[in-house]
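Engineer: Quick one, fold the following:
(one chain, ligands or ions: 2)
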Amino acid sequence: MSDESRPSPAGPPSAPAGAPVAAVIPAAGRGVRLGPGAPKALRALNGTPMLIHAVHSLAASRHVSLVVVVAPADGPTEVKSLLDAHALPERTDFVVVPGGESRQESVALGLAAVPPEYGVVLVHDAARPLVPVDTVDAVIEAVRAGAPAVVPALPLTDTVKEVEPATEPGAPEPVVATPERARLRAVQTPQGFDRATLVRAHETVTEDVTDDASMVEQLGLPVVTVPGHEEAFKVTRPLDLVLAEAVLARRRLNDGY
Ligand SMILES: Nc1ccn([C@@H]2O[C@H](COP(=O)(O)OP(=O)(O)OP(=O)(O)O)[C@@H](O)[C@H]2O)c(=O)n1
Ligand SMILES: C[C@](O)(CO)[C@H](O)COP(=O)(O)O
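Structural biologist: Ligands and ions are numbered 1, 2, ... in the order given. Coordinates of the predicted model:
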């Protein structure tokens, strides 16, 4: 454990009280599941790039004083111009770094650009552009209260089956088990961390994972949930673009966003 963490002889490492908060936004993915086009984070939602919506959502929290955007490997200049072209809160600093081949690598590159004084680090998918600020703040509050890792989570509405994956696309897959749905959660971002814990997780875990919190689980440290939000959904497939634009239209009607 690094000296940056709060001394905690009896418990897990935790962020120093009142530690400043940085957000790392991985935005370097191609968006293959969305279909052909520009990198997903640069595609427009109601005329504004998804990434700009995501940056606004994180910078809306008065606790977030640094945002590190992890751009497509060949796109930092374009992303810097995009950030310059949009009005963003003056109390927040913005940094852009090039991303890697996988989400995990991109997060590690973004994390390396966070100065050590930021004791709390959020990792937020650019592909979740509409996360409400209350969700962001709930994650920050739980990390500041002493949890080394916090994830926003929602109960599932579908029943989930474990299968023996087919080797050919579309082939029937034998069902192996039906996990008890009441014990399952779908997790979202931002995921929040004591900075030293996240750095250690990225230094230690080398296998592929699909979220950062699972790396902390592998260290044997506790990860806790806070309530997620249905508007924090991930834009993954084309129908998600329709939903995101509908959410924006509803917000515009309700509060002029
Ligand atoms: N090499 C990568 C891959 C993904 N991401 C980011 O990680 C987040 C979650 O990934 P996902 O939704 O899977 O995005 P893509 O990898 O772009 O999607 P796909 O798998 O459909 O290509 C996105 O904000 C994406 O930009 C990243 O920064 N670097
Ligand atoms: C991190 C994440 O958004 C949590 O649900 C998710 O695991 C990212 O998955 P993806 O397949 O890389 O989009």
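
Engineer: okay, now Arg250: neighbour count?
Structural biologist: 12 (other Cβ atoms under 10 Å). Every residue, glycine included, has its C-beta placed from N, CA and C.

Engineer: Check Glu245 too.
Structural biologist: Around Glu245 there are 14 residues (other Cβ under 10 Å).

Engineer: same thing with Val133?
Structural biologist: Neighbour tally, Val133, other Cβ under 10 Å: 16.

Engineer: Look up how far Arg250 lies from it.
Structural biologist: 17 Å (Cβ to Cβ, to the nearest Å).

Engineer: Next: Arg43.
Structural biologist: 20 Å.

Engineer: next one: Leu198
Structural biologist: Distance from Leu198 to Arg250, by Cβ to Cβ: 34 Å.

Engineer: what does Pro174 give?
Structural biologist: With distances taken as Cβ to Cβ, Pro174 is found 42 Å from Arg250.

Engineer: Show me what from this structure comes close to ligand 1.
Structural biologist: Within the chain, the positions near ligand 1 by Cβ under 6 Å from any ligand atom are 26-33, 40-41, 70, 99-103, 106, 125-127, 234, 236.

Engineer: hmm, 5 Å instead?
Structural biologist: Applying Cβ under 5 Å from any ligand atom, we find that the chain lies next to ligand 1 at 26-33, 40, 99, 102-103, 106, 125-127.

Engineer: Could you list which of those also contact ligand 2?
Structural biologist: Among the residues of the chain next to ligand 1, the ones lying close to ligand 2 by the criterion of Cβ under 5 Å from any ligand atom are Arg103, Asp125.

Engineer: So which of the residues of the chain next to ligand 1 belong to helices?
Structural biologist: Using DSSP state H, the subset of the residues of the chain next to ligand 1 located in helices is Arg103, Ser106.

Engineer: Only the buried members of the residues of the chain next to ligand 1: can you turn that into a PyMOL selection?
Structural biologist: Buried subset of the residues of the chain next to ligand 1, written as a PyMOL selection, criterion 16 or more other Cβ atoms under 10 Å:
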select buried, resi 26+27+28+29+31+40+99+103+106+125+126+127
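
Engineer: Can you tell me which of the residues of the chain next to ligand 1 is nearest Pro155?
Structural biologist: Asp125 (20.2 Å; Cβ to Cβ).

Engineer: The closest one touches Val187, doesn't it?
Structural biologist: No: using Cβ atoms under 8 Å as the test, Asp125 is too far from Val187 to be in contact (11.2 Å).
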